[in-house]
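Student: Predicted model and sequence follow; I will ask about them next.
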Amino acid sequence: MRRERNVKILATLGPSSSTEAMVETLFLAGADAFRINMSHSTHEMLREYHAIIRRIEARYNRPIGILVDLQGPKLRIGEFANEPVLLKPEQEFVLDDDPTPGDEHRVYLPHPEIFTAVRPGDQLLLNDGLIRLAVKSVEPGRIVTRVIYGGELSSRKGVNLPDTVVPLSAMTEKDKADLDAACELGVDWIALSFVQRPDDVAAARKRIRGRAGVLAKIEKPSALRCLREIIELSDALMVARGDLGVELPLESVPGWQKRITRAARKAGKPVVIATQMLESMIENPSPTRAEVSDVATAVFEGADAVMLSAESAAGKWPEEAVLTMDRIAQNVESDPNYRTIISGQLETRPEPTTADAISAAARTIAETLRVACIVSYTSSGSTGLRISRERPAVPIIALSPRVETARRLSIAWGLHCVLTDDPRDLDDMVDRACSIAYREEFAQIGDRVLITCGVPLGTPGATNMLRIADVTPAMAREITEETEPRLL
């Protein structure tokens, strides 16, 4: 089950990929982790998806990550008496607190928080940004706007506020119930939608209590203004280009994608690039040239993972979408310019800690000696992420005694995760690392491997040792099921 690429693929499950046979097909095609979108999933569906993934995981004895994506607060207008209505440029249009069905002059806005947050000059975007309004004045229970870009508008369309920080929590009551259900099942990641400020991430962390990793979705301009603080509080990030592209000028999204990716890489936090990567494959068996270039750009940039949304959840060609993304990634990573680009775009300066110094040294030594792979013992996952941040030119095997760690690292760049017991002593540490490197087909007899671990053995966060070892015939024995834990 070795992947021939470093970037990971995150596939969304849905109507097109709801059966165990299809989920297994997507896994074999190249999906490393699966996303469950709670905007379209019930708790019963969540439990069913979770059970399917865990059965496939046990069948292949390969850790598979599960990410549950919370819906977040959805801001929508009310109903119209007769729809659609036509808004014309320069006309006046009012959003108010009157629940009476609207017309071409006004509509109900069932979100009192917006009335207190907006200011004259702010913009409101309706229907995925197709209709743009400028706020003229704010009165009690009324927002008077001028239509900049008009068009047809129907009931319950979404509202985006690119210039306004709305005093709403990133978690609704539905999100809290979904989060609790997901954590009780033991999912690996919780994706937090519509993060506006660091407090949103802190509130999620408090509720999760370490039961899953916290992935902050960057899709609001307000989040960009405090990006550094959000990164510090998060375990991973997602560049959610859909809503980000609605609330920002479209031409600025690629630049922000690069800035967010590099900031996350510098902090050693996994970063996922998402939304419309192979959008045309919802209907077609092959992507456009522009989509291929888009995925390739994310891989060249050094993103940890690229994500399929509707392509795998509701499209006609879910398996082909995963296979296409896999081929693009493999081709990019074999390009002669790939190492130059990925190494030159970011200088990751290690923190003044033993673990960071070991990880930086591991990359340099591995590339100098041209070892077959780096084998990293990691209990909490922090050492695996540190080595992943270095983006070494050799494969990385992350060995962990904790299945939760192995699953969570499934979205991190370059990490091939294996569940294994803690070594008994230093000799067993070397033998186990070399044997697994041979069994997983990363090293052959006579190859060198570089091993990182912590002494005393089995102590989380104590990585302080580098060891170079040769794979001998004795080390290349097959580890039996009796001595190796299995995913159940």
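Tutor: Arrived safely. Numbering: from 1, shown residues only.
Student: Okay, strands next: where are they in the stretch 301-450 of the chain?
Tutor: With DSSP state E, counting those that start in this stretch applied, the stretch 301-450 of the chain shows strands at 305-308, 373-377, 396-400, 415-419, 448-454, listed in chain order.
Student: from what I can see, residue 171 looks like it's in a strand, true?
Tutor: No - secondary structure of residue 171 (DSSP: H, G, I helix; E, B strand; the rest coil): coil, not part of a strand.
Student: and it, how many residues sit next to it?
Tutor: By other C-beta atoms under 10 Å, 23 other residues sit near residue 171. For glycine as for every other residue, the C-beta is placed from the backbone atoms N, C-alpha and C.
Student: what sits against it?
Tutor: 70, 72, 179, 192, 200, 203, 204, 207 (C-beta atoms under 8 Å, 6 or more residues apart in numbering).
Student: redo that, cut-off 10 Å
Tutor: Contacts for residue 171 (C-beta atoms under 10 Å, 6 or more residues apart in numbering) come out as 70-73, 177-179, 190, 192-194, 200, 203-204, 207.
Student: so where's the stretch 351-488 of the chain uncertain?
Tutor: Per-residue confidence for the stretch 351-488 of the chain (pLDDT under 70) gives these ranges: 458, 461, 476-488.
Student: Closest one of the contacts of residue 171 to residue 359?
Tutor: Out of those, the one with the shortest distance to residue 359 is residue 190. That distance is 26.5 Å, counting by C-beta to C-beta.
Student: elements contacting the strand or helix carrying that closest one?
Tutor: Using DSSP states H and E, the secondary-structure element containing residue 190 is strand 189-192. For strand 189-192, the helices and strands in contact under the criterion 3 or more C-beta pairs under 10 Å, 6 or more residues apart in numbering; DSSP states H and E are strand 33-37, strand 65-69, helix 173-185, helix 198-208, strand 213-218, strand 236-240, strand 271-274.
Student: Now the last one: average pLDDT?
Tutor: Per-region confidence: strand 271-274 scores 98 on mean pLDDT.
Student: Describe which strands it pairs with in its sheet and in which direction.
Tutor: Note on strand 271-274: by DSSP bridges, its sheet partners are strand 236-240 (parallel), strand 305-308 (parallel).
Student: partners of the strand holding residue 190 in the sheet?
Tutor: If you go by DSSP bridges, strand 189-192 pairs up with strand 65-69 (parallel), strand 213-218 (parallel).
Student: Need these in a markdown table (columns: mean pLDDT and distance to residue 358).
Tutor: Below are the strands paired with strand 189-192 laid out as a markdown table (pLDDT from 0 to 100; distance: least, C-beta to C-beta, whole Å):
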| stretch | mean pLDDT | distance to residue 358 |
| --- | --- | --- |
| strand 65-69 | 98 | 25 |
| strand 213-218 | 98 | 23 |
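Student: So for residue 269, which of the ones you listed sits nearest?
Tutor: Of all those, strand 213-218 sits nearest to residue 269, with 9.2 Å by C-beta to C-beta.
Student: about what we covered before: will you turn the helices and strands packed on strand 189-192 into a markdown table that also has mean neighbour count and distance to residue 263?
Tutor: Formatted as a markdown table, the helices and strands packed on strand 189-192 follow (neighbours: other C-beta atoms under 10 Å; distance: least, C-beta to C-beta, whole Å):
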| stretch | mean neighbour count | distance to residue 263 |
| --- | --- | --- |
| strand 33-37 | 24 | 22 |
| strand 65-69 | 26 | 21 |
| helix 173-185 | 17 | 26 |
| helix 198-208 | 18 | 14 |
| strand 213-218 | 26 | 10 |
| strand 236-240 | 26 | 8 |
| strand 271-274 | 27 | 8 |
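Student: Minimum distance to residue 319: which of these has it?
Tutor: Residue 319 sits nearest to strand 33-37 of all these, at 13.9 Å, using C-beta to C-beta.
Student: what's the closest one packed up against?
Tutor: For strand 33-37, where contacts count as 3+ C-beta pairs under 10 Å, 6+ apart, the packed elements are strand 8-13, helix 20-29, helix 43-60, strand 65-69, strand 189-192, strand 271-274, strand 305-308, helix 310-313.
Student: Buried residues, stretch 435-447. List them.
Tutor: Along stretch 435-447, these residues count as buried under the neighbour rule (16 or more other C-beta atoms under 10 Å): 435, 436, 437, 438, 440, 442, 443, 447.
Student: Relative to the whole chain's centre, how far out is it?
Tutor: Its chain's C-alpha centre and that of stretch 435-447 lie 30 Å apart, by C-alpha atoms, centre = their mean, to the nearest Å.
Student: ok, now stretch 396-410?
Tutor: A distance of 17 Å separates the centroid of the chain from that of stretch 396-410, by C-alpha atoms, centre = their mean.
Student: ok, what's across the strand from the residue nearest the centre of the chain?
Tutor: Nearest to the mean C-alpha position of the chain, by C-alpha atoms, centre = their mean, lies residue 272 at 3.8 Å. Counting by DSSP bridges, residue 272 forms beta bridges with residue 238, residue 305.
Student: so what's it up against?
Tutor: When contacts are counted by C-beta under 10 Å, 6+ apart, residue 272 touches 8, 10, 33, 35, 67, 189, 191, 215, 217, 236-240, 261, 264, 298, 303-307, 411.
Student: quick one on the thing from earlier: can you put the helices and strands packed on strand 189-192 in CSV and add distance to residue 336?
Tutor: Shown next, in CSV, are those (distance: least, C-beta to C-beta, whole Å):
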stretch, distance to residue 336
strand 33-37, 29
strand 65-69, 31
helix 173-185, 43
helix 198-208, 40
strand 213-218, 32
strand 236-240, 27
strand 271-274, 23
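Student: Quick check: pLDDT value at the residue nearest to residue 413 when sequence neighbours are not counted.
Tutor: Sequence neighbours aside, residue 304 is the residue nearest to residue 413 in space, at 4.3 Å (criterion: C-beta to C-beta, 6 or more residues apart in numbering). In the predicted model, residue 304 carries a pLDDT score of 98.
Student: Burial check on residue 304, number of neighbours?
Tutor: Neighbours of residue 304 using other C-beta under 10 Å come to 27.
Student: same deal with residue 156?
Tutor: Other residues near residue 156 come to 11 when the count uses other C-beta under 10 Å.
Student: Tell me the bridge partners for the residue lying closest to it once chain neighbours are set aside.
Tutor: Nearest residue to residue 156 in three dimensions, chain neighbours excluded: residue 76, at 5.1 Å (C-beta to C-beta, 6+ apart). The bridge-partner assignment for residue 76, based on DSSP bridges, gives residue 158.
Student: So which bits of the strand holding residue 190 are buried?
Tutor: In strand 189-192, residues buried by neighbour count (16+ other C-beta under 10 Å) are 189, 190, 191, 192.
Student: With stretch 15-31 instead?
Tutor: Under the neighbour-count criterion of 16+ other C-beta under 10 Å, stretch 15-31 has 16, 17, 22, 23, 24, 25, 26, 27, 29, 30, 31 buried.
Student: Would you mind confirming that the third one makes contact with residue 53?
Tutor: No - contact status for residue 22 versus residue 53: not in contact, 11.9 Å apart, counting by C-beta atoms under 10 Å.
Student: Need the residues touching each of those two.
Tutor: Overlap between the contact sets of residue 22 and residue 53, as judged by C-beta under 10 Å, 6+ apart, is given by residue 13.
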